[in-house]
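>>> Quick one: sequence and predicted model below, then my questions.
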Amino acid sequence: MSRLGRRLAFDYGDVRIGVAVCDLDGILSTPLDPLDSKNPAVMSEIEKIYNEYEPVRIYIGIPLNLSGEPSESSAKALLFAEKIKAHFACEVEMVDERLTTVSASALLTQAGVNAKNQRKLIDSVAAVAILESGLARDRR
């Protein structure tokens with residue numbers, strides 16, 4: 001089990017970066033507003049989030065194929081992870097994000113969110129799934 005402290009999770013995408021944070025005990029995961037991944041100041045925005053929550057660990061989703069092999073997007077997620085590792089002084093771990101967007105969409109649909117409004121929320125809800133996967137792995 002890892003030490004107490006907040007953790008952040010990122011779901012990196014070409015358009016948006018989903019963001020989630022957990023409480024100090026690693027029990028409650030909350031989505032934050034997604035970031036525009038094309039914004040030249042996105043690392044500054046991430047730095048603000050980092051400074052606000054002071055995480056002990058950052059999880060970054062890695063998109064794998066259903067077979068477990070790297071997907072076309074895996075290299076982009078790994079490059080993003082390298083930038084995070086170089087910029088921040090905390091542990092960074094990759095977390096398998098297979099089907100997180102599918103499960104996030106299903107969750108939002110169950111909550112009554114229509115497809116148009118899901119686009120604004122889905123990345124950060126997927127980041128919550130990544131965060132919860134990372135937390136569960138830490139508990140083992």
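Noted; the coordinates are in hand.

>>> For the helix-or-strand element of the chain with minimal mean pLDDT, which helices and strands make contact with it?
When each helix and strand of the chain is scored by mean pLDDT, DSSP states H and E, helix 100-110 comes last, with a mean of 74. The contact analysis (3 or more CB pairs under 8 Å, 6 or more residues apart in numbering; DSSP states H and E) places helix 100-110 against helix 115-139. Yep, even glycine has a C-beta here, placed from its N, CA and C like the rest.

>>> per-residue confidence averaged over the helix it packs on?
The pLDDT scores in helix 115-139 average 86.

>>> Run a quick neighbour tally on Val56.
Per other CB atoms under 10 Å, the neighbour tally for Val56 reads 16.

>>> all strands for this structure, in order.
7-12, 16-22, 29-36, 57-62, 91-96 (DSSP state E).

>>> With respect to Met43, which of the ones you listed lies nearest?
strand 29-36 (9.7 Å; CB to CB).

>>> and the closest residue to Tyr50 other than its chain neighbours, how many residues sit next to it?
Nearest non-adjacent residue to Tyr50, counting by CB to CB, 6 or more residues apart in numbering: Phe88, 5.6 Å away. By other CB under 10 Å, the residues close to Phe88 number 17.

>>> So Phe88 sits against Val56, correct?
No: applying CB atoms under 8 Å, one finds Phe88 not in contact with Val56, separated by 11.0 Å.

>>> Residue most distant from the centroid, this structure?
Most distant from the centre of the chain: Gly112, at 22.9 Å, with distances by CA atoms, centre = their mean.

>>> For that residue, give its distance to Pro70.
35 Å (CB to CB, to the nearest Å).
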